[in-house]
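Participant: this one's sequence-less:
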């Protein structure tokens, strides 16, 4: 496995959303990692990626000067009683997969959550057939806590969703 150590994390701004869109749209068109069926608009990205939030950090991830992905913490649910829980989201440029980048990025988000002193539980919501993501989160100590059967359909395939959680404090 070719690993990397030269990662930098730029707080996401609106100016980064074109790069984010390219990465995300790849998964929209080529995978079941997202349930979006059509390429997204910049305005849609702005609606679900927290930009400039103190509680929910979001990053453009670079290796040297090359963008290799983006990641963020976001609200798990919108009601106030869920404020102690955040959802972890990470998308790597498909050419950057399998090199240990995702583990480092998730650990960075976990550290951010701990520093913020508000988030106690992290959730990963994963398509049931995304075995690489499931293995990644299991390797990082996340435990399966829910299995939603046949809740999605994409590319003619009926899909499950699995939730993984890590209690960090």
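Facilitator: Alright, I've got the coordinates. Note that the coordinates shown come from a computational prediction; the quantities given were computed from them, not determined experimentally.
Participant: just the buried residues of stretch 138-155, please?
Facilitator: Of the residues in stretch 138-155, 140, 142, 154 count as buried by neighbour count, 16 or more other CB atoms under 10 Å. C-betas here are computed from N, CA, C, even on glycine.
Participant: quick one: mean pLDDT over the longest helix that the chain contains.
Facilitator: For the chain, the helix reaching the highest residue count under DSSP state H is reported as helix 101-116. Confidence over helix 101-116, taken as the mean pLDDT, stands at 96.
Participant: nearest to residue 130, of the buried residues of stretch 138-155?
Facilitator: residue 154 (11.7 Å; CB to CB).
Participant: please name the residues that touch the nearest residue to the closest one once chain neighbours are set aside.
Facilitator: When the adjacent residues along the chain are set aside, residue 154 lies closest to residue 32, with 5.1 Å between them (CB to CB, 6 or more residues apart in numbering). With CB atoms under 8 Å, 6 or more residues apart in numbering as the criterion, the residues that contact residue 32 are 127, 129, 130, 152, 154, 155, 157, 159.
Participant: and the pLDDT for the first one?
Facilitator: What it means is residue 127. Looking at residue 127, its pLDDT stands at 98.
Participant: many thanks, we can stop here.
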